[in-house]
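Chemist: Okay, structure incoming, though there's no sequence with it:
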């Protein structure tokens, strides 16, 4: 039994924060400079009554509509989020009910950010390939914008809300569709991207939950972690860089992505940048970018795609996905 | 040093000759947190140096930055 990605759907909340609106709040940060430096034109913002479970449900409904898959056949649900509706209950339980999925289902949350999609792929692969799960819904959903300090120019510019739903199925096949994983964790960088006061441990000075990012440290971490991780996937898979059809990295910002692309010597035409209209959507950024690539029909059957997610934690993970459409076996 | 200053001027979109080794960072228009990130990228790309962001914070002049990437 092999796990295979069947389809991806994306949901973005309706409200949009444009560069012009950001520039109006921060006069030293003009709209054209934002787009030039970070490659972001707009980010979507969840409404005051719109939470992670809502975004997750909306993305999954799109997936069902798009694929015609019978929701009653889904027997596994993973929700990757760091901004759950509640600390408890688990978001996946709320979403199981909202989506009217069967009760005999494995469902849990996975608390990771930018590396979360790749981590969840590894878990999904394991569950499917040992035969525990046949059809798994992998959702990424976050409302980071609810954690942002309105006066913090950097994070308000970068982050946007959104969700994706990916359908993963088991098929009888000899092909390894998801594999060559490389994982990494460096908790020494934990405080470089942290939502203070967001759970039990409260900061002394304030009770208000708020995200703080040390952008330079996060950038430096990325330069240390990502190129060796990409190399590790290539070594493990026995493939040369030239044999990879597409590289989809976590869409952090275009400045960082371009630097990583050059450092890893990846040709521009094989490197996906897909964040202009949504900003950095954390764990949703890789599946959203993959979704755009699918819409553009840039993935042929058998295409080899290298994924790399990195960020908050610090946590990172990379892997290789072999794209299969139609009859995957 | 000359080449380093050219790289830095280029990154900060300044005119050639605007910076000297003795120029205080605090006097440079556009020297901000984003520029510090740009400097990390410059150090990595042009000099193969992994500079620590904490080390940038204690730099006072252009010459101090140059020293971080082994240029003097």
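Modeler: Okay, I see it. Source: prediction; values computed, not measured. Residues are numbered from 1 along each chain as shown, chains lettered A, B, ... in the order given.
Chemist: what residues does chain B put near chain A?
Modeler: Residues of chain B found near chain A (C-beta under 8 Å from any C-beta of the partner chain) are B:33-34, B:36-38, B:40-41, B:44-45, B:50-53, B:56. Placement of C-beta: from N, CA and C, glycine included.
Chemist: Among those, name the buried ones.
Modeler: B:34, B:36-38, B:40-41, B:44, B:51, B:53, B:56 (16 or more other C-beta atoms under 10 Å in any protein chain shown).
Chemist: residues touching residue B:51, list them.
Modeler: Going by C-beta atoms under 8 Å, 6 or more residues apart in numbering or on different chains, residue B:51 touches A:220, B:39-40, B:43-44, B:68-69.
Chemist: so which of the residues you listed comes closest to residue A:123?
Modeler: residue A:220 (28.9 Å; C-beta to C-beta).
Chemist: just checking, that closest one touches residue B:40?
Modeler: Yes - Residue A:220 is within contact range of residue B:40, at 5.7 Å (criterion: C-beta atoms under 8 Å).
Chemist: who touches both of those two?
Modeler: B:51, B:53.
Chemist: pLDDT for the residues of chain B next to chain A - can I get that in JSON lines?
Modeler: Below are the residues of chain B next to chain A laid out as JSON lines (pLDDT from 0 to 100):
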{"residue": "B:33", "pLDDT": "87"}
{"residue": "B:34", "pLDDT": "87"}
{"residue": "B:36", "pLDDT": "94"}
{"residue": "B:37", "pLDDT": "94"}
{"residue": "B:38", "pLDDT": "93"}
{"residue": "B:40", "pLDDT": "96"}
{"residue": "B:41", "pLDDT": "95"}
{"residue": "B:44", "pLDDT": "95"}
{"residue": "B:45", "pLDDT": "94"}
{"residue": "B:50", "pLDDT": "95"}
{"residue": "B:51", "pLDDT": "96"}
{"residue": "B:52", "pLDDT": "95"}
{"residue": "B:53", "pLDDT": "95"}
{"residue": "B:56", "pLDDT": "96"}
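Chemist: Out of the residues you listed, the closest to chain A would be?
Modeler: residue B:53 (3.6 Å; C-beta to the nearest C-beta).
Chemist: Relative to residue A:216, how far out is that closest one?
Modeler: Look at residue B:53 and residue A:216: by C-beta to C-beta, to the nearest Å, they are 4 Å apart.
Chemist: which residues are common contacts for these two?
Modeler: B:36, B:40.
Chemist: Quickly find the element holding the residue of the stretch 101-250 of chain A found nearest chain B.
Modeler: In the stretch 101-250 of chain A, the residue that lies nearest chain B is residue A:216 (3.6 Å; C-beta to the nearest C-beta). Secondary structure from DSSP states H and E places residue A:216 in helix A:215-237.
Chemist: Quick one: end-to-end distance for stretch A:261-275.
Modeler: End-to-end distance for stretch A:261-275, by C-alpha to C-alpha, to the nearest Å: 15 Å.
Chemist: what's next to that stretch, contact-wise?
Modeler: Contacts for stretch A:261-275 (C-beta under 8 Å, 6+ apart): A:39-40, A:223, A:226-227, A:230, A:241, A:244-249, A:251, A:253-254, A:257-258, A:281, A:285, A:288-290, A:292-293, B:44-45.
Chemist: got it, and stretch A:18-25?
Modeler: A:29-32, A:34-35, A:40-42, A:150, A:153, A:156-157.
Chemist: Among the contacts of residue B:51, name the ones in strands.
Modeler: Among the contacts of residue B:51, no member falls in strands (DSSP state E).
Chemist: Strands along chain B, start to end?
Modeler: Using DSSP E, strands in chain B do not occur.
Chemist: mind listing what's buried in stretch A:261-277?
Modeler: A:261, A:263-264, A:266, A:270-275.
Chemist: what ranges do the strands span in chain A?
Modeler: Under DSSP E, chain A gives strands at A:2-11, A:15-18, A:42-45, A:76-80, A:106-110, A:135-142, A:162-171, A:178-185, A:193-196, A:210-213, A:246-249, A:304-311, A:315-322.
Chemist: what packs against the fifth one?
Modeler: Under the contact definition 3 or more C-beta pairs under 8 Å, 6 or more residues apart in numbering or on different chains; DSSP states H and E, strand A:106-110 sits against strand A:76-80, helix A:91-98, helix A:116-129.
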